[in-house]
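Visitor: Generate coordinates for the sequence data below:
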Amino acid sequence: MTGYASLNQGKPKQERPRQEPWQQRLVRTLLYGRNVDRTAKARARVGLVIIAFAAIYAIIGGRLVMFAVGADGPSARRAAAQDAIATARPDIVDRNGEVLATDVKTPSLFGEPRRIIDKDEAIELLTATLPDADAGEVRERLSSRKGFVWLKREISPQQQFEIHKLGIPGIGFLRENKRVYPTGNEVAHLIGLVNIDNQGIAGMEKWLDNQGLADLHRAGFATDRLQKPIELSVDLRVEHALRDELLKAKDKFHAKAASGLVVNVNTGEVIAMVSLPDFDPNSPKEAHDPDRINRLTTGVYEMGSTFKAFTLAMALDTGKYGLDSMWDARGPLHYGKFAIHDDEPKGRFLSMKEVFTFSSNVGAARIALSQGVEAHKAFLRKMGQFERLRTELPESASPLVPKHWSDLNTITISFGHGMAVAPLQGVMGVSALVNGGLLIPPTFMKRSEEEARAIAKRVIKPETSEKMRYLMRLNAEIGTAKRANVPGYYIGGKTGTAEKVINGRYAKKKVLTLFTAVIPADKPQYQLLIMLDEPQALKETYGFITSGWNAVPTAGNVISRIGPLLGIEPRFDLPPSDRQILAASRLTQ
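Guide: Predicted coordinates for the structure are as follows:
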């Protein structure tokens, strides 16, 4: 026993195997299953590594493909573009829905200088395809280190096709919005124009940006065409007829310029506005010519005898004077070293009616003096002639008013000299004289009579307005406006001829002729202004250049064309003005 025991003690003691933790057994079972040998385990691990590497390379390859395909995509180009991309603008339409301005899609050429391999070759090929492109400018842009540069905005589809065939790496196209004006010159001064980035820079286009469109563009919320059209008050049919007759008159009388307005006297809506010479907003280079300004809002002029309407209305509205009140016009009115004359002196006292129909300077001056300087100033201020006229059009000028207003200023301004206003401003005042006495700010947007009355300001009594309508109609029957008396339309009006100031002196042979007409005179709906700058005498005018020989017949031609378009039904065999206008109200005094 002893030997046996000692023998066992000499053998090493056998250790029991360590038991694998249950968590590892669970993971191994899930990954490899039960009873799998080490070789299978090794193959599985290698396969897992291969799959992981394949997935990584697939992701890398996919991203490379996306970059390759998307590099020329519109979104990537927009992100890279440093210049503004022309954004969308809403259509502008006339009161009948006729399109005056709209957007079309047009391609623009851009370059990515970092991707161009041979810049000299690219410049040579591009300038050969685009002959109007400046080679130096193209080279300068392609030599920059920018990621994106414009090379030519608004190219033609044919140019795009030819450049695309060249296959130049780093040269691409973006579709932009281009503003087009289907009516061309017809409403140029009213509609305005945009720059290369489709941003309004004049006219209603600039007003549109000022109303928040520019902010929407900057915020990225005006990038589509789904914008509500902007409806204007203008009637394209009336605009065309007015422009056509003004072109004829400008050519016939060899005038330097011609302008015209049609305004709704009860709403202040501008129905038509033409200033010649004009320009085509589709080719706006001529728009910068100073001779092509909008004379109706940007220019200010002495309005001549049309201002006599304000002078007589001022006196009549006091109630102290009536239509038969008499004024001394037996001879010139002397004031210091100045003498005021009538063009056709009558050498006698004139009634208020005769002062208007004979267009007496002396009579108008005596009427104004009877009211006094302060009353005269207050009345013209009340009629909106002292402050700059604000409308939707950004282009407007402030009136030129004497700094020191004396009796002599009152004398000359009474018949339209010595104070200059924008023609639209004068039209606003005359509308108030005939529409019942309400001064309504003009607008180029559609407006109802209810909306107009809500913002109107009473400036004269209704009975004074009745008298002014009578005087204007009487002037068309027997006075200086006879040549505008189109049968059926019962026109009233006032002429004006203002000598222009040349080198500080009035020039008798260079005049501005005006005629403002109301249609119809008994219940006015519209006012028409015709203005000719430096018309020349003709054989048929017997050498005269005053308004009655040129602006008045031009107005008659316009009225005969626009009357039906405005829905004014002709009325024939109407009685004279004293029975048609004055009889019911018994306004004669």
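
Visitor: Every contact and neighbour count from this point should use C-alpha atoms.
Guide: Noted.

Visitor: The nearest residue to residue 492 once chain neighbours are set aside: what's it in contact with?
Guide: Distance criterion CA to CA, 6 or more residues apart in numbering; nearest residue to residue 492, sequence neighbours excluded, is residue 473 at 3.8 Å. Residues near residue 473 by CA atoms under 8 Å, 6 or more residues apart in numbering: 490, 491, 492, 493, 521, 522, 577.

Visitor: ditto for residue 350
Guide: 326, 327, 328, 329, 363.

Visitor: Show me what the first one bridges to in the sheet.
Guide: Using DSSP bridges, the beta-bridge partners of residue 326 come out as residue 351.

Visitor: residues in contact with it?
Guide: Residue 326 touches 349, 350, 351, 352, counting by CA under 8 Å, 6+ apart.

Visitor: any idea which of those residues is the one closest to residue 130?
Guide: Checking these against residue 130 with CA to CA, the nearest one is residue 352 at 70.2 Å.

Visitor: Wait, that closest one touches residue 328, no?
Guide: No. Between residue 352 and residue 328 there is no contact under CA atoms under 8 Å: 10.6 Å.

Visitor: More neighbours: those two, which one.
Guide: Applying other CA atoms under 10 Å to residue 352 and residue 328 shows that residue 352 carries more neighbours, namely 23 against 16.

Visitor: how close does the residue nearest to the more buried one when sequence neighbours are not counted sit to residue 357?
Guide: Nearest residue to residue 352, sequence neighbours excluded (CA to CA, 6+ apart): residue 323, at 5.0 Å. Noted for residue 323: a distance of 12 Å to residue 357, by CA to CA, to the nearest Å.

Visitor: quick one: which of those two has more around it?
Guide: Applying other CA under 10 Å to residue 323 and residue 357 shows that residue 357 carries more neighbours, namely 23 against 20.

Visitor: That one: what's it in contact with?
Guide: Each residue near residue 357 by CA under 8 Å, 6+ apart is listed here: 471, 474, 475, 478, 479, 480.

Visitor: State the distance from the last one to residue 520.
Guide: With distances taken as CA to CA, residue 480 is found 17 Å from residue 520.

Visitor: what does residue 546 give?
Guide: From residue 546 to residue 520 the distance is 24 Å (CA to CA).

Visitor: My reading is that residue 381 lies in a helix. Confirm?
Guide: Yes. Assignment of residue 381 by DSSP: H, G, I helix; E, B strand; the rest coil places it within a helix.

Visitor: got the contact list for it?
Guide: residue 387 are the contacts of residue 381 under CA under 8 Å, 6+ apart.

Visitor: Same question for residue 137.
Guide: Neighbours of residue 137 in contact, by CA under 8 Å, 6+ apart: none.

Visitor: Mind doing that once more with 10 Å?
Guide: 123, 143, 151 (CA atoms under 10 Å, 6 or more residues apart in numbering).

Visitor: Tell me the pLDDT of the closest residue to the second one other than its chain neighbours.
Guide: Nearest residue to residue 143, sequence neighbours excluded (CA to CA, 6+ apart): residue 113, at 6.5 Å. Confidence at residue 113, expressed as pLDDT, is 83.

Visitor: How about the contacts made by residue 113?
Guide: Residue 113 touches 119, 141-149, 169-171, counting by CA under 10 Å, 6+ apart.

Visitor: before we move on, the earlier item: turn the contacts of residue 326 into a markdown table, columns for pLDDT.
Guide: Conversion of the contacts of residue 326 to a markdown table gives the following (pLDDT from 0 to 100):
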| residue | pLDDT |
| --- | --- |
| 349 | 97 |
| 350 | 97 |
| 351 | 97 |
| 352 | 97 |
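
Visitor: Now tabulate those in a markdown table and tack on distance to residue 557.
Guide: Shown next, in a markdown table, are the contacts of residue 326 (distance: CA to CA, whole Å):
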| residue | distance to residue 557 |
| --- | --- |
| 349 | 35 |
| 350 | 32 |
| 351 | 31 |
| 352 | 29 |
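
Visitor: which of those residues lies closest to residue 268?
Guide: Closest approach to residue 268 among those (CA to CA): residue 352, at 28.6 Å.

Visitor: Now do that closest one against residue 360, distance only.
Guide: 10 Å.

Visitor: swap in residue 384?
Guide: Where residue 360 is concerned, residue 384 sits at a distance of 24 Å (CA to CA).

Visitor: the more surrounded of the two?
Guide: Between residue 384 and residue 360, counted using other CA under 10 Å, residue 360 has the larger neighbour count: 23 against 18.

Visitor: Could you pull up phi and psi at the nearest residue to that one once chain neighbours are set aside?
Guide: Leaving aside its sequence neighbours, residue 360 sits nearest to residue 342 (CA to CA, 6+ apart; 5.6 Å). Main-chain torsions, residue 342, degrees, to the nearest 10: phi -100, psi 150.

Visitor: looking at it, residue 342 is touching residue 328, isn't it?
Guide: No. Residue 342 is beyond contact range of residue 328, at 12.0 Å (criterion: CA atoms under 10 Å).

Visitor: Overlap of the contact sets of the two?
Guide: Listed as contacting both residue 342 and residue 328 by CA under 10 Å, 6+ apart are 362, 363.

Visitor: three-state assignment of residue 548?
Guide: Strictly by three-state DSSP, residue 548 counts as helix.

Visitor: let me redo that: residue 101
Guide: Residue 101 is classified as strand under three-state DSSP.

Visitor: That one is in contact with residue 185, isn't it?
Guide: No. Contact criterion CA under 10 Å: residue 101 and residue 185 do not qualify, at 11.8 Å.

Visitor: Look at these two and report which has more neighbours.
Guide: Ranked by neighbour count (other CA under 10 Å), residue 101 and residue 185 place residue 101 first, with 25 against 20.

Visitor: Next one: the more buried one from residue 238, what distance?
Guide: Residue 101 is 18 Å from residue 238, by CA to CA.

Visitor: Same check on residue 358?
Guide: Distance from residue 358 to residue 238, counting by CA to CA: 31 Å.

Visitor: re earlier: and the contacts of residue 137 as CSV, adding pLDDT?
Guide: Listed next are the contacts of residue 137 as CSV, based on pLDDT from 0 to 100:
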residue, pLDDT
123, 79
143, 81
151, 78
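
Visitor: Just the pLDDT for the nearest residue to residue 549 once chain neighbours are set aside.
Guide: Sequence neighbours aside, residue 541 is the residue nearest to residue 549 in space, at 5.9 Å (criterion: CA to CA, 6+ apart). Looking at residue 541, its pLDDT stands at 93.

Visitor: cool, residue 272 as well?
Guide: Residue 272 is assigned a predicted lDDT (pLDDT) of 98.

Visitor: and if you look at residue 18?
Guide: Listed pLDDT for residue 18 reads 60.

Visitor: list the residues that contact both of residue 323 and residue 357?
Guide: Residues touching both residue 323 and residue 357 (CA under 10 Å, 6+ apart) are 351, 471.

Visitor: how far away is the residue lying closest to residue 147 once chain neighbours are set aside from residue 173?
Guide: Closest residue to residue 147 apart from its sequence neighbours, by CA to CA, 6+ apart: residue 112 at 5.2 Å. From residue 112 across to residue 173, the span is 11 Å (CA to CA).

Visitor: where in the stretch 251-400 of the chain is pLDDT low?
Guide: Within the stretch 251-400 of the chain, not a single segment meets pLDDT under 70.

Visitor: Helices of that one, start to end?
Guide: 308-317, 352-357, 361-371, 373-382 (DSSP state H, counting those that start in this stretch).

Visitor: again with the stretch 1-150 of the chain
Guide: Under DSSP H, counting those that start in this stretch, the stretch 1-150 of the chain gives helices at 2-10, 22-32, 38-70, 74-80, 119-129, 135-142.

Visitor: list the buried ones in stretch 163-172?
Guide: Within stretch 163-172, the residues scored as buried using 16 or more other CA atoms under 10 Å are 163, 168, 170, 171, 172.
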